[in-house]
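Asks: Generate coordinates for the sequence data below:
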Amino acid sequence: MGAWPLLGVAIIAEVIATTFLRASNDWIGAQRAMAFAIVVVGYGASFWLLSMVLKKMELGISYAVWAGVGTAVTALIGVWIFGEGISLAKFACIGLIIVGVVGLELSGANG
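Replies: Below is the predicted model of the structure:
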């Protein structure tokens with residue numbers, strides 16, 4: 001598998017882990033234990049996949065995309081699933097993250 005698909009899966013794993021970390025605050029007992037297990041597995045998978053990406057892609061690009069896209073998607077999930085507020089400023093900042101990630105990609109790996 002290429003670096004970009006691996007990075008995409010790493011981001012998905014990180015977003016799932018973070019979402020379950022937030023969800024676990026509302027759960028008790030077995031549900032909370034299951035959520036914590038998903039958090040541990042998700043973050044573990046995400047970091048392992050990111051380490052595989054780093055064999056094929058520069059650190060600066062891969063980490064910026066991983067962190068930026070993960071942050072933007074997680075913020076949108078917070079609004080969509082958990083009913084967190086969104087202001088024009090928050091929406092604009094999410095847009096800036098996306099623009100920054102796209103800018104890094106367009107600048108080229110040897111920028």
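Asks: wait, T74 sits on A17?
Replies: No: taking contacts as C-beta atoms under 8 Å, T74 lies outside contact range of A17: 9.8 Å. Quick note: C-beta positions are derived from backbone N, CA and C, even for glycine.
Asks: Could you report the distance from the closest residue to S24 other than its chain neighbours to L59?
Replies: Closest residue to S24 apart from its sequence neighbours, by C-beta to C-beta, 6 or more residues apart in numbering: A35 at 3.6 Å. Distance from A35 to L59, counting by C-beta to C-beta, to the nearest Å: 31 Å.
Asks: what's the pLDDT at S107?
Replies: The score at S107 is 80. That number is its pLDDT.
Asks: Which residues are in contact with G42?
Replies: Residues near G42 by C-beta atoms under 8 Å, 6 or more residues apart in numbering: A13, E14, I16, A17, T18, F20.
Asks: could those go into TSV alongside neighbour count, distance to I81 and pLDDT?
Replies: As requested, these are arranged in TSV below (neighbours: other C-beta atoms under 10 Å; distance: C-beta to C-beta, whole Å; pLDDT from 0 to 100):
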residue	neighbour count	distance to I81	pLDDT
A13	22	17	98
E14	24	16	98
I16	19	12	98
A17	22	14	98
T18	20	12	97
F20	21	11	96
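Asks: which of those residues lies closest to I98?
Replies: The nearest member of these to I98, counting by C-beta to C-beta, is E14 at 16.4 Å.
Asks: Can you give the contact residues for the helix or strand the closest one falls within?
Replies: Using DSSP states H and E, E14 falls within helix 3-23. Defining contact as C-beta under 8 Å, 6+ apart, one finds that helix 3-23 is touched by 35-36, 38-43, 45-47, 49-50, 52-53, 56-57, 62, 65-66, 69-70, 73-74, 77-78, 81-82.
Asks: Could you export that helix as CSV, CA atoms only?
Replies: In CSV, the C-alpha atoms belonging to helix 3-23 read as follows (Å, rounded to 0.1, in the frame of the first residue of the first chain):
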residue,chain,number,x,y,z
ALA,A,3,2.1,6.2,1.7
TRP,A,4,-1.0,8.3,1.1
PRO,A,5,-3.5,5.4,1.7
LEU,A,6,-1.6,4.3,4.8
LEU,A,7,-1.7,7.9,6.1
GLY,A,8,-5.5,8.0,5.4
VAL,A,9,-6.0,4.8,7.4
ALA,A,10,-3.8,6.2,10.2
ILE,A,11,-5.9,9.3,10.3
ILE,A,12,-9.1,7.3,10.4
ALA,A,13,-7.8,5.2,13.3
GLU,A,14,-6.8,8.3,15.2
VAL,A,15,-10.1,10.0,14.7
ILE,A,16,-12.0,6.9,15.8
ALA,A,17,-9.8,6.6,18.9
THR,A,18,-10.4,10.3,19.8
THR,A,19,-14.1,10.0,19.2
PHE,A,20,-14.4,7.1,21.5
LEU,A,21,-12.3,8.9,24.1
ARG,A,22,-14.9,11.6,24.1
ALA,A,23,-17.8,9.2,24.0
